[in-house]
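Enquirer: build me a structure from this.
(one chain, ligands or ions: 1)
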Amino acid sequence: MSTVGKAGLEDVVVSTTDICYIDGREGRLIYRGYDVDDLAAHSTFEEVVYLLWHGVLPSKKEYETFYKALSASTNRKLPPKLITILHALPKKTTPMEVLRTGVSALSAWDPDAADNSREASVRKAMRLTAQMPTLVAAWERIRRGKAPLAPNPKLSLSANFLYMMSGKKPTDLAVKTFDVALILHADHEFNASTFAARVTAATLSDMHSAITSAIGALKGPLHGGANEQVMLMVDKIKDPAKAEAWIRKAIADKMRLMGFGHRVYRVEDPRAKHLRRLATELGRQVGDESKVQILNTVARVVTEEKHIYPNVDLFSGAGYAAMGIATDQFTPIFAMSRVAGWAAHVLEQHGNNRLIRPRGEYTGPTRATYVPISQR
Ligand SMILES: CC(C)(COP(=O)(O)OP(=O)(O)OC[C@H]1O[C@@H](n2cnc3c(N)ncnc32)[C@H](O)[C@@H]1OP(=O)(O)O)[C@@H](O)C(=O)NCCC(=O)NCCS
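Expert: Sure, this is the predicted structure:
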């Protein structure tokens, strides 16, 4: 009899963790005991990063020290030779390919590359979290033929990223929306990319290798790549008046509907409501509400007809688009936030490690006779 569980490791619990809890029936998401609804309402991305790595909310003094380190130009800036590498890449290289390549390359300049102690791994996580926005923004500018902008240590991670992308001071609403989006994406238990990070870390490999593995896993359209696919769908629909007919046909054609469904949630993803609200407010501010209107219609019809619910990827992109961000940058932005969670999981894995090495149930032949190539 087969000992294989449900495909895709569904419902398999691979480890205990103190970092993140998902209640898929109630639609709750908890980081280190705190509901993301509260964190989205009251916290900042920097504070959430601290919470994920250190397990508790920081005191005022701890927060200030941590915030300063995460914002420091020494941590945010990229090695000049990495910028040279970026210039050498074909302009058509996708932002996720650039991020995966850039993060991997950053270890070559990292002073702690060979040190896997907790202290060194936290320093590496700090640098990666600070550098990834610079890397994403640098590529956006290079591929448009512009020079990358130096990070501004006076700005928060969110404000600085939006500034480095466009060269303009972002609005307060854009910064707030972006920061809440980062808070909501920061961790999600044993999702595919986090699991990839933990598998890599469990071989006692290093932080950069684990984060590079995670970025590769996030890239796929069934995971982080879904937010980009949602916006491509919105662009195809174009007109809110056509959304209902379009989505009904997509359902009839049995299309996979991006931004819907989840392995764990049986109700609406708790992150979706915040992103819907923020995308609505931003759309109003920039005078384009059509994207959210399309998504609202799509969400209503899919929920009624298929009983599958919006996930985190349905509304995030509409907010980013209202900030003028290119669609293929949505998944790198997801990574810029999730690096906080990936790093927390790498630290936890290294803190109590055992190699992750499952089995496969072999279903092929076992007694094939080797025939020399000349006789085949
Ligand atoms: C997230 C996702 C990969 C989870 O997949 P999963 O747990 O493996 O679930 P399955 O793909 O086995 O789907 C279970 C059933 O629901 C249906 N379903 C789930 N999500 C669906 C979707 N987005 N569109 C259409 N049908 C979907 C499947 O067709 C399947 O139906 P069946 O049992 O009649 O064959 C899946 O919901 C999906 O592909 N969503 C779209 C991509 C996306 O938004 N990803 C981001 C996740 S945060």
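Enquirer: for the rest of this, base every contact and every neighbour count on C-alpha atoms.
Expert: OK.
Enquirer: ok, the nearest residue to Ser73 once chain neighbours are set aside - how many residues close by?
Expert: Excluding the flanking residues, the one nearest Ser73 by CA to CA, 6 or more residues apart in numbering is Pro153, at 5.7 Å. Neighbourhood size, Pro153 [other CA atoms under 10 Å]: 17.
Enquirer: for Arg248, same thing?
Expert: The number of residues near Arg248, taken as other CA under 10 Å, comes to 15.
Enquirer: other SSEs contacting the one helix or strand it maps to?
Expert: Assessed by DSSP states H and E, Arg248 sits inside helix 243-252. On a contact count with 3 or more CA pairs under 8 Å, 6 or more residues apart in numbering; DSSP states H and E, helix 243-252 meets helix 290-306.
Enquirer: near the ligand, anything from the helix it packs on?
Expert: No: applying CA under 6 Å from any ligand atom, one finds helix 290-306 separated from the ligand by no less than 7.5 Å.
Enquirer: so after the helix holding Arg248, what's the next helix or strand?
Expert: Assigned by DSSP H and E, the successor of helix 243-252 is helix 270-286.
Enquirer: buried ones in the helix or strand hosting Leu135?
Expert: According to DSSP H and E, Leu135 maps onto helix 118-143. Using 16 or more other CA atoms under 10 Å as the test for burial, helix 118-143 gives 120-143.
Enquirer: so what touches the helix or strand just after it?
Expert: As assigned by DSSP H and E, the chain's next helix or strand after helix 118-143 is helix 157-166. Contacts to helix 157-166, defined as CA atoms under 8 Å, 6 or more residues apart in numbering, come from residues 45-46, 70-71, 130, 133-134, 137-138, 140-141, 148-153, 168-170, 175, 178-179.
Enquirer: again, only using 7 Å
Expert: By CA atoms under 7 Å, 6 or more residues apart in numbering, the list of residues contacting helix 157-166 from outside reads 71, 133-134, 137, 140-141, 149, 151-152, 169-170, 175, 178-179.
Enquirer: walk me through the domains of this structure.
Expert: Following automatic domain parsing, the chain resolves into domains at 20-219+336-351, 226-322.
Enquirer: can I get these in a markdown table with distance to Gly360 and mean pLDDT?
Expert: Formatted as a markdown table, these follow (distance: least, CA to CA, whole Å; pLDDT from 0 to 100):
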| stretch | distance to Gly360 | mean pLDDT |
| --- | --- | --- |
| domain 20-219+336-351 | 16 | 97 |
| domain 226-322 | 22 | 95 |
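Enquirer: dump those domains to a markdown table, plus distance to Pro358.
Expert: Output for the domains of the chain, formatted as a markdown table (distance: least, CA to CA, whole Å):
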| stretch | distance to Pro358 |
| --- | --- |
| domain 20-219+336-351 | 10 |
| domain 226-322 | 20 |
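Enquirer: closest one to Ile373 among those domains?
Expert: Nearest of those to Ile373, taken as CA to CA: domain 20-219+336-351 at 37.1 Å.
Enquirer: any idea how far apart the tips of the closest one sit?
Expert: Domain 20-219+336-351 has an end-to-end distance of 16 Å (criterion: CA to CA, to the nearest Å).
Enquirer: near the ligand at all, that domain?
Expert: No: Domain 20-219+336-351 stays clear of the ligand (CA under 6 Å from any ligand atom), getting no nearer than 8.8 Å.
Enquirer: find the nearest non-adjacent residue to Ala114, please.
Expert: Excluding its sequence neighbours, the residue lying closest to Ala114 (CA to CA, 6+ apart) is Asp206, at 7.6 Å.
Enquirer: do you know how far that neighbour is from the ligand?
Expert: Counting by CA to the nearest ligand atom, to the nearest Å, the gap from Asp206 to the ligand is 27 Å.
Enquirer: same question for Thr65.
Expert: Thr65 is 33 Å from the ligand, where distance means CA to the nearest ligand atom.
Enquirer: could you do Arg76 as well?
Expert: 28 Å.
Enquirer: report the contact partners of that residue.
Expert: Arg127, Ala130, Gln131, Thr134, Pro151.
Enquirer: the third one and Lys77 touch, don't they?
Expert: Think Gln131. Yes: using CA atoms under 7 Å, Gln131 makes contact with Lys77 at a distance of 6.2 Å.
Enquirer: starting at the chain centroid, how far to stretch 36-53?
Expert: Between the centre of stretch 36-53 and the centre of its chain there are 16 Å (CA atoms, centre = their mean, to the nearest Å).
Enquirer: got it, and stretch 34-41?
Expert: The answer for stretch 34-41 is 18 Å, by CA atoms, centre = their mean.
Enquirer: so which bits of it are buried?
Expert: Buried positions in stretch 34-41, judged by neighbour count with 16+ other CA under 10 Å: Tyr34, Asp35, Val36, Asp37, Leu39, Ala40.
Enquirer: over to stretch 141-151?
Expert: If you call a residue buried by 16+ other CA under 10 Å, then stretch 141-151 has these buried ones: Arg141, Ile142, Arg143, Pro148, Leu149, Ala150, Pro151.
Enquirer: what's the end-to-end length of it?
Expert: End-to-end distance of stretch 141-151 (CA to CA): 13 Å.
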